[in-house]
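Novice: predicted model follows, preceded by the sequence.
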Amino acid sequence: MSPFNTISLVGMPGTGKSTVGILLAKLTGLRFVDTDLDIQVREEATLQEILEQHDYRYLRQVEEDVLLNLRLDHALVSTGGSVVYSAPSMARLKSLGPVIYLKTELATLEERVAAAPLRGIASDGEQSFAQVYAERTPLYERYADYILVTGDNTPQQVATAALQLLPRN
Ligand SMILES: Nc1ncnc2c1ncn2[C@@H]1O[C@H](COP(=O)(O)OP(=O)(O)OP(=O)(O)O)[C@@H](O)[C@H]1O
Ligand SMILES: O=C(O)C1=C[C@@H](O)[C@@H](O)[C@H](O)C1
Ligand SMILES: [Mg+2]
């Protein structure tokens, strides 16, 4: 049985929550849950389609509904980057176990997000990516139990470093 119950990853789009999350799920013996995928199944649309057909506020509301109702026990939870706008969602995640903020420098994130332009960001379209980064950084830091700077590490190295941060039950 895994010594962990629920571990959550938060951070900016492109920081590696999904990529590192599945590796960390394997290392910890937990199920892998990517809330973005649950949002897509619930809405029968991709994140990009949801943003195009509604707006970022609607996506944030759906994200909160999914976060509050999804089964999250024995799970490594990779969240969407906008989860920190929902205090109830963050309260639930923190009540279940540690929250790790994957922190990556802005320039690296901009390169990764530019390489996948249809991934969608749940923010006012008037904001630059740098402004979103500045707005969210204090929120990620406020909710984090651990901050893991990803640096130049590979996803596997980041997952291993995350495992080393965590206390065992
Ligand atoms: N440590 C890393 N080194 C190099 N590339 C990485 C690293 N982590 C993630 N990537 C790459 O960055 C891209 C974004 O990663 P990923 O989709 O896991 O981010 P995310 O945090 O889940 O983003 P989102 O909030 O949009 O879901 C992917 O192409 C992934 O392969
Ligand atoms: O950071 C964001 O605003 C988002 C990131 C994605 O993971 C999705 O959750 C969605 O496209 C919004
Ligand atoms: Mg992701």
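Specialist: Received it, and whenever you're ready, just let me know what you need. Ligands and ions are numbered 1, 2, ... in the order given.
Novice: and this structure, which of its residues are near ligand 2?
Specialist: Within the chain, the positions near ligand 2 by Cβ under 6 Å from any ligand atom are Pro13, Asp36, Leu47, Gly80, Gly81, Ser82, Gly120, Ile121, Ala122, Ser123. In short, each C-beta sits where N, CA and C put it, glycine included.
Novice: pick out the most distant pair among these.
Specialist: Longest distance between any two of those is 15.1 Å, between Asp36 and Ser123; criterion Cβ to Cβ.
Novice: helices of this protein, start to end?
Specialist: Remark: helices of the chain, listed N- to C-terminal, are 17-28, 35-43, 47-53, 56-69, 87-96, 106-114, 129-143, 155-165; assignment by DSSP state H.
Novice: now render those helices as JSON lines, adding mean pLDDT, mean neighbour count and distance to ligand 3.
Specialist: Listed next are the helices of the chain as JSON lines, based on pLDDT from 0 to 100; neighbours: other Cβ atoms under 10 Å; distance: least, Cβ to the ion, whole Å:
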{"stretch": "helix 17-28", "mean pLDDT": "98", "mean neighbour count": "21", "distance to ligand 3": "3"}
{"stretch": "helix 35-43", "mean pLDDT": "97", "mean neighbour count": "17", "distance to ligand 3": "5"}
{"stretch": "helix 47-53", "mean pLDDT": "93", "mean neighbour count": "16", "distance to ligand 3": "9"}
{"stretch": "helix 56-69", "mean pLDDT": "97", "mean neighbour count": "17", "distance to ligand 3": "12"}
{"stretch": "helix 87-96", "mean pLDDT": "98", "mean neighbour count": "16", "distance to ligand 3": "15"}
{"stretch": "helix 106-114", "mean pLDDT": "95", "mean neighbour count": "15", "distance to ligand 3": "11"}
{"stretch": "helix 129-143", "mean pLDDT": "97", "mean neighbour count": "15", "distance to ligand 3": "14"}
{"stretch": "helix 155-165", "mean pLDDT": "97", "mean neighbour count": "17", "distance to ligand 3": "12"}
